[in-house]
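Visitor: Show me the folded form of this:
(one chain, ligands or ions: 1)
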Amino acid sequence: MSVLADDRLKDADFEVRGQALVNGTFQVGPIHTRAMFVHKGGKILMISYWCEVCSIRTYTPGKCMCCQDETALDLKEKFDE
Ligand SMILES: [Zn+2]
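Guide: Below is the predicted model of the structure:
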């Protein structure tokens, strides 16, 4: 759970998938690796990390698996993959 230790997210409201949802309208998709969300500005955002150099997305903070550069925190409502 290294995401929870990320300083950049320390003020955010976390949601770990599997918890009961408040409004009951959120639909959980068939997503296995994206279990972490953050509530921000009334939106539910998925937590991911992005390396601009390599265009590689990961779901845990740390260095890029390719260029070893620090990845940037990237919160999105959904991913265009
Ligand atoms: Zn990289």
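
Visitor: Select the longest strand from this structure.
Guide: For the chain, the longest strand by residue count, based on DSSP state E, is strand 43-51.

Visitor: Write out the residues of this structure neighbouring the ion.
Guide: Residues of the chain lying close to the ion by CB under 5 Å from the ion are Cys51, Val53, Cys54, Cys64, Cys66, Cys67. Just so you know, the C-beta spots here come from the backbone N, C-alpha and C atoms, and that holds for glycine as well.

Visitor: So which of these are in strands?
Guide: Mapping the residues of the chain next to the ion onto strands (DSSP E) picks out Cys51.

Visitor: Output the residues of the chain next to the ion as a markdown table; include the columns neighbour count and pLDDT.
Guide: Shown next, in a markdown table, are the residues of the chain next to the ion (neighbours: other CB atoms under 10 Å; pLDDT from 0 to 100):
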| residue | neighbour count | pLDDT |
| --- | --- | --- |
| Cys51 | 20 | 96 |
| Val53 | 12 | 95 |
| Cys54 | 13 | 96 |
| Cys64 | 18 | 94 |
| Cys66 | 11 | 94 |
| Cys67 | 13 | 97 |
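
Visitor: quick one: low-confidence ranges for the protein?
Guide: For the chain, applying pLDDT under 70 flags the ranges 1-2, 4, 16-35, 79-81.
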